[in-house]
Structures are given as structure tokens and as C-alpha cells.
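1. Kindly return the folded structure for what I paste below:
(one chain, ligands or ions: 3)
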Amino acid sequence: MFNKNKTLGEFIIENQTEFQYSTGELSKLINAIRLAAKVVNHEVNKAGLVDILGTAGDTNIQGENQQKLDVLANEKFIQTLKNREIVCGIASEEEDHYISVNSQDENHQNKYVVLMDPLDGSSNIDVNVSVGTIFSIYHRVTPVGTPVTLEDFLQPGKNQVAAGYIIYGTSTMLVYTTGHGVNGFTLNPAIGTFYLSHPNMQFPETGKIYSVNEGNYIHFPQGVKDYIKYCQKEEEDRPYTSRYIGSLVSDFHRNMIKGGIYMYPKSSKAQKGKLRLLYECNPMAFLAEQANGRASDGHQRIMEIEPTELHERVPFFCGSKRMVEKAEEFMQS
Ligand code: AHG
Ligand code: MN
Ligand code: MN
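-> Numbers count the residues shown, from 1 in each chain. Ligands and ions are numbered 1, 2, ... in the order given. As a prediction, this is how the structure comes out:
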């Protein structure tokens, strides 16, 4: 039975043995992400105060606070992971190239690489709407003790050993999987501790919410247009409700709890859609499948796709299993 008084720290230690060949390295890595999440949470929460703090006259503080939050989140995560010397490589939406950690040191034994979207939904920051951080963890494929190569990052999503997100919302949560289901932890800001609040999260088999940027409707493929019309039709349990926050993390989180489908299709303006395979779609797909949901590009499982570049984009359909299957039917007909 799950104990809701359990902290994330306790949970990590208890579940360490679940992971095959565990040396505690993955646990340390999740712990570092937990720490960076708290730091970024602190920054996100005071975002509205930036102008006020900026007039305090302290150029140092002013300079730091006026940094764009996605750049700041990127720095905080990278710094935390580097300081703790627990990964051999990092790739981020905010960095053109991957970062090799400790590449000069032949003795370093770190075997994991992390890929991340440090601040997802960043256009929501200025208007006080939820944003998130997404992370994806792989075992490197090149030998331990050598500098990482691009090959270590260009792995299909099915190779992920862990993935998750942090949602900076009405409360801050860290939700992650190591391939044994999905668990959600809520931050108690008074004491800075995450507690297990959402054990064993599951997408309902089907739902009543569809999330898509309908402003792009005219540019969508016919199959997507037809599926949207299906969602809006007065029939059986429809019309569905439309909900779109514009932050993948937040839209996914709501749909996982309530039941729904998130879509970012290709369009005549963007042939591969918008979302990035490696640090947006793959981690969400891993979480979705671990929570009894489904993630596809309309034709195949997201996690089967062989990536060819770090920042590649892919059409994305993710959520309650039966809803994603239905959307796929429309796209394939
Ligand atoms: P990011 O802020 O990391 O660039 O990601 C934004 C992504 C995703 O989170 C969101 O669902 C989508 O872009 C919104 O795009 P549109 O504004 O085109 O709908
Ligand atoms: Mn994003
Ligand atoms: Mn981002």
C-alpha cells in the first residue's frame, strides 16, 4: 500500500532495487533533478516580482533576475547535474550542441545522459500560467570513461531508463517513471519537501478532453480535421471539451488525471509539427505508456522512432489509449 506521508527522498531509496543493475547512480541523478526543480520553482514563483526587485538598485540581483527564465532554468539544471558529477552528457532545448561532462577525465565512470526541456510553455510565464520542465534519461551506448558522442543521445525512446516532468502550477509537482509505473510528488513549499501525493498515476481508458491549437486548423491534414470534427460532434459521449494551455506539461498532466488527448499535428506550415522528439515527445510518451496511455506520431509509436538529429521535431498525439487509437484511425484513413 502507498503511504502518502512518504517523501520523494524515501521513495527513491526504497525503489532503488527495482532498477536492474542498480548501483545507486540513477537514484543520485533523480535526487539532483529534485534539487534543481526546487531551485527553478523558487525562481518561477518570484517571476512576477522581477520588476519590483529590479528597482532595489542592486545591479547584481537585477541582472540575475532579469535573465529570461528559460535560460535561467537551463543554467540551474545543467549546473546542478555538473556539480554532482552524476552524468556524462547533457542535451537541452536551450543548447545547440550536447554537453560532454568530465570529458577530459578518463576515470569518470558515469553512465547516464540526460536530455531536457528546461522550461516548457515559456510563453505562459509572463501571464502567470503553469509551466514545466521535462527530462529524459538514457544509459550511454559508447564505453564508460570516454567522452560521450552524438550516438549516446540519438536513441529511440524505448531505450529510456527514466523520464519525468516538473509542473510549476497551483502547486509544484514532480512526476516521473523508471519503467515501473508513474508516481507524482507534490512540493510542500513551507519545508521544501516533495511528498508522494499521486501514487501509480493512470490515464483513464478514454476521456472527454481534446487539447490542440485550433488556430492552426486550416493548415492541418484532412485526417486531423476530421478527427477534430468527430470530437465536436453531438453523438454518444460527445461533443468533447476543448482545453489547451499551450504548455505540453500542463496539458498532459490534466489529461492524465481527467482523461483526454493532446495533439500537435504536422501542418502545411510545419511538416514535422513543432514538438521535439528527444526532450518533449519521448519522455511524455514513456510516461503515457507507463500510465496506461498511448503516444504516436499518427502512424507509429513515438518510442520506436529512430532519431537522426538532436533537435528533430515530430507530430505528436498522446493521451488516453482509446482516444489516441481513434485519432490514428482518422489519420490513416
Ligand atoms: P517551449 O516553451 O519549451 O518552447 O514549448 C512550448 C510547446 C509546448 O509546450 C506547447 O504545448 C506548444 O509549444 C504550444 O505551441 P503553440 O503555441 O504553437 O500552440
Ligand atoms: Mn517545450
Ligand atoms: Mn522550453
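
2. Let me see the contact set for the closest residue to Thr186 other than its chain neighbours.
-> If the residues on either side of it in the chain are set aside, Thr186 comes closest to Ser197, at 4.0 Å by Cβ to Cβ, 6 or more residues apart in numbering. Bear in mind the C-beta positions are built from the backbone N, C-alpha and C, glycine included. For Ser197, the contacting residues are 4, 173, 184-186, by Cβ atoms under 8 Å, 6 or more residues apart in numbering.

3. where are the low-confidence patches of the protein?
-> When residues are selected by pLDDT under 70, those of the chain lie in 1-2, 18-22, 51-67, 103-104, 106.

4. Tell me the residues of it that contact ligand 3?
-> Residues of the chain lying near ligand 3 by Cβ under 5 Å from the ion: 93, 117, 119-120.

5. Please parse this protein into its domains.
-> Per the record's domain assignment (automatic domain parsing), the chain is made up of the domains 8-198, 209-332.

6. Helix, strand or coil: sort out Asp117 for me.
-> With DSSP: H, G, I helix; E, B strand; the rest coil as the basis, the three-state label of Asp117 is strand.

7. about what we covered before: for the contacts of Ser197, which single residue is the most surrounded?
-> Looking at the contacts of Ser197 with neighbours defined as other Cβ atoms under 10 Å, the largest count falls to Phe185 at 27 neighbours.

8. where does it fall, phi/psi-wise?
-> Backbone dihedrals for Phe185, given as degrees, to the nearest 10, come out at phi -120, psi 130.

9. Surely it and Leu8 touch.
-> Yes. Phe185 is within contact range of Leu8, at 4.5 Å (criterion: Cβ atoms under 8 Å).

10. Just give the nearest non-adjacent residue to the residue in the stretch 51-200 of the chain that ligand 2 sits nearest to, would you?
-> Sorted by distance to ligand 2 under Cβ to the ion, the residues of the stretch 51-200 of the chain start with Asp120, at 3.5 Å. Distances taken as Cβ to Cβ, 6+ apart place Gly132 nearest to Asp120, at 4.6 Å, with adjacent residues excluded.
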